[in-house]
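Asker: sequence first, then the predicted structure, then my questions.
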Amino acid sequence: MPKKLKKTRLPAAAQKGAKAKSQAAKLMSVAMDLFCQRDFASVTIKDIARVAKVNSALIYYYFEDKEDLFRVMIEHAILQALDNYGRLKARHTDPTDLINDWFENNLEMSVLMRKLVKIMIDYAHSSVRVASVETLIRRFYKMETSIISTGVREGVARGIFKSVDPERTALFVSVHLDGIMVASMVRPSFDITAAMNELRRVFWQRVSHPVKRAA
């Protein structure tokens, strides 16, 4: 089991009241947008304060420094995604419904997912290394693929799907989902919805039994 994660500053802010929690969340949202537009190294505390229209000192009230803000921000975003995935997995017993809802959920979360993928790419190529962030990234991808692999395994066991490898199929979908998010960043007028629906079509083609043609 993964080590228990270090508590973030957001719960501490929440103890001081709804206003403090809202302010911390606003600062993280602004920081996430800036980290997505540029990269970690080029964004400063002053940049975040200017866009958030606050004094830089207020940011240091909630966060130790830029690295701490980055850590709390990405932890908060990934935990949001994990929470969504957890609720999704809990509310379905039918594998077809589970997987279809997974695709719909990722469409609904596409703005957050796009930001997460961009930040995780930048993080992977930076000199910054934060153990709790890396643990959450692993958890994020493990949860993402486990929903697909669980659905496929159950579908195969029930005879709903043909015999395919659940883990390889889940990895195929997860990698292509990342590809869709990256394409949306670099290709003008890229249609995420159309791309997701095409990935869904390919997935169902991959797991569905061949249609028997009438003699």
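Answerer: Yep, it's here. Residues are numbered from 1 along each chain as shown.
Asker: show me where this protein has its helices.
Answerer: Here the chain has its helices, by DSSP state H, at 9-15, 18-37, 45-52, 56-62, 66-90, 95-108, 110-124, 131-158, 166-186, 192-207.
Asker: so can I have TSV of these showing mean pLDDT and mean neighbour count?
Answerer: Bear in mind the C-beta positions are built from the backbone N, C-alpha and C, glycine included. As requested, the helices of the chain are exported to TSV (pLDDT from 0 to 100; neighbours: other Cβ atoms under 10 Å):
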stretch	mean pLDDT	mean neighbour count
helix 9-15	48	15
helix 18-37	85	18
helix 45-52	93	16
helix 56-62	91	16
helix 66-90	81	18
helix 95-108	89	18
helix 110-124	84	18
helix 131-158	88	18
helix 166-186	94	17
helix 192-207	96	15
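Asker: mind checking how far stretch 168-184 is from the chain centre?
Answerer: Centroid separation between stretch 168-184 and its chain, computed with Cα atoms, centre = their mean, to the nearest Å, is 12 Å.
Asker: hmm, I typed the wrong one, I wanted stretch 204-211.
Answerer: Taking Cα atoms, centre = their mean, one finds stretch 204-211 lying 28 Å from the centre of the chain it belongs to.
Asker: neighbouring contacts of that stretch?
Answerer: Under the contact criterion Cβ atoms under 8 Å, 6 or more residues apart in numbering, stretch 204-211 has outside partners 152, 155, 161-162, 164, 169, 172.
Asker: mind redoing it with 6 Å?
Answerer: 161-162, 164 (Cβ atoms under 6 Å, 6 or more residues apart in numbering).
Asker: quick check: PyMOL command selecting the buried ones in these.
Answerer: Those of these that count as buried under 16 or more other Cβ atoms under 10 Å are selected in PyMOL with:
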select buried, resi 161+164
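Asker: from the contacts of stretch 204-211, pick the one nearest Asn197.
Answerer: Phe161 (19.4 Å; Cβ to Cβ).
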